[in-house]
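Q: quick one: sequence plus predicted model below, questions after.
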Amino acid sequence: MNGYDCAGDELNNGVSPNVRAGFGQSLVRHGLRLERDPTHTLQINTGLLCNQACKHCHLEAGPARTEIMGRATMDQVADYAARGGFQTADVTGGAPEMVPGIDHLLTRLVGAVPRVMFRSNLTAIRDTAREHLGQLCRELKVVLVASLPATHASQTDAQRGGGVMDTSVGTLQWLNSLGYGQAGTGLELHLVSNPAGAFLPPGQDRAEERYRRDLQRKWGIVFNQLYTFANVPLGRFKTWLDSSGNYDPYMDRLAKAFNPAAVAGVMCRTMVSVDWNGELHDCDFHLAKGIPLSGVRWHVTELQGPPATGKSIPVADHCYACTAGAGFT
Ligand code: SF4
């Protein structure tokens, strides 16, 4: 066991206490604790290898990263998903498309839990060596969750790299042609958007309406739902915040937007995250920061089921990104 504290005592992440109250203090001020509800989702981070190096990435994923999940760990994770009785497995990265054996992991997970989600950056999957993954996902009825920060090229390419918008549009059209996002197919295609800079996202409903209108009008693209997320002040995004002098203003913005009602819906209450080594964390942001599950280093082979309901969740100031405005679920 290490020295991490649980709700009420934020971890020291170098933020001046004069700038704002720590996240733990904000919880205490509102008489709240961050504790687990029944955990139904296993998020699986297959590694940091990615074909892109997006500016907002809290994991600093990129083409030079070598951390990826091996096949033995994939089997251990799929075994845990089954014996833990999870309802959902949520496969993420990096770019999980690039991880050798990802077909094996998806196939095992589909046999282990009722719902499997796969997060795609919409460019890695268009490599000819990986296009079969789209077909596999269709056969397995895997839910696709795709990043698309904006409906115009200037913002998307600035954040994710030159040419990403064009490739993403082509991928979405191709996924639509496979039946993804189309009514009556049962093939779900959800989009995720995040702001380009140090500001909060617009309201989800309004943004979804605009995305639906723009994507349909410009390219005939359809999708199921849009989720808008605040950028999390970790990794490459934190480096940019620091170097541009935006760190404190951004943290103040997140802290001012603290919404006590959003604490009930933050994802760590119902999800547990496993990294490419098979170690468990309360969420992908704590994973990025190296904070283990409930402050204790557990390997996926050591647990019989999900973390217990009522268990305290360690907090840090990046948690403010989850409770700003409508929240981050
Ligand atoms: S970063 Fe968000 S999801 Fe993770 S522990 Fe904090 S509130 Fe929960």
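A: Here it is on my side, so go on. Numbers count the residues shown, from 1 in each chain.

Q: where in this protein is the helix or strand with the lowest mean pLDDT?
A: None of the helices or strands of the chain scores lower by mean pLDDT, DSSP states H and E than helix 153-160, at a mean of 86.

Q: list the buried ones in that helix?
A: For helix 153-160, burial by neighbour count (16 or more other Cβ atoms under 10 Å) applies to 155-160. To be clear about C-beta, it is placed using only N, CA and C from the backbone, and glycine gets the same treatment.

Q: quick one, phi/psi of residue 68?
A: Main-chain torsions, residue 68, degrees, to the nearest 10: phi -140, psi 160.

Q: ok, it touching residue 49?
A: Yes. Assessed by Cβ atoms under 8 Å, residue 68 is found in contact with residue 49 at 5.2 Å.

Q: overlap in contacts, these two.
A: In terms of Cβ atoms under 8 Å, 6 or more residues apart in numbering, residue 68 and residue 49 are both contacted by the residues 94, 98-99.

Q: residues touching the residue in the stretch 101-250 of the chain positioned nearest to the ligand, list them.
A: Residue of the stretch 101-250 of the chain nearest the ligand, by Cβ to the nearest ligand atom: residue 232 (7.1 Å). Applying Cβ under 8 Å, 6+ apart to residue 232 gives the contacts 58, 285, 288, 318, 321.

Q: re the thing from before, most neighbours, which of the shared contacts of residue 68 and residue 49?
A: Compared across the shared contacts of residue 68 and residue 49, residue 94 has the highest neighbour count, 27 neighbours, by other Cβ atoms under 10 Å.

Q: need the three-state assignment for that one.
A: Put simply, residue 94 is coil when judged by DSSP: H, G, I helix; E, B strand; the rest coil.

Q: which stretches of the stretch 1-150 of the chain form helices?
A: Using DSSP state H, counting those that start in this stretch, the helices assigned to the stretch 1-150 of the chain run over residues 23-29, 71-83, 102-110, 132-140.

Q: burial of the closest residue to residue 132 other than its chain neighbours, as a residue count?
A: Spatial nearest neighbour of residue 132, excluding adjacent residues (Cβ to Cβ, 6 or more residues apart in numbering): residue 103 at 7.8 Å. Per other Cβ under 10 Å, the neighbour tally for residue 103 reads 15.

Q: just residue 287 next, same as before
A: With other Cβ under 10 Å as criterion, residue 287 counts 24.

Q: alpha carbons only: can I get stretch 291-306 in CSV?
A: As requested, the backbone C-alpha atoms of stretch 291-306 are provided in CSV (Å, rounded to 0.1, in the frame of the first residue of the first chain):
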residue,chain,number,x,y,z
ILE,A,291,-2.5,6.9,-8.8
PRO,A,292,-3.5,3.3,-8.1
LEU,A,293,-7.0,2.0,-7.3
SER,A,294,-8.1,3.3,-3.9
GLY,A,295,-4.5,4.2,-3.3
VAL,A,296,-3.4,0.5,-3.4
ARG,A,297,-1.4,-1.2,-6.2
TRP,A,298,-3.6,-4.1,-7.4
HIS,A,299,-3.0,-6.4,-10.4
VAL,A,300,-6.1,-7.6,-12.3
THR,A,301,-5.2,-11.2,-11.3
GLU,A,302,-5.5,-10.4,-7.6
LEU,A,303,-9.2,-9.3,-7.6
GLN,A,304,-12.2,-11.5,-7.7
GLY,A,305,-14.7,-8.8,-8.6
PRO,A,306,-15.1,-5.0,-8.9
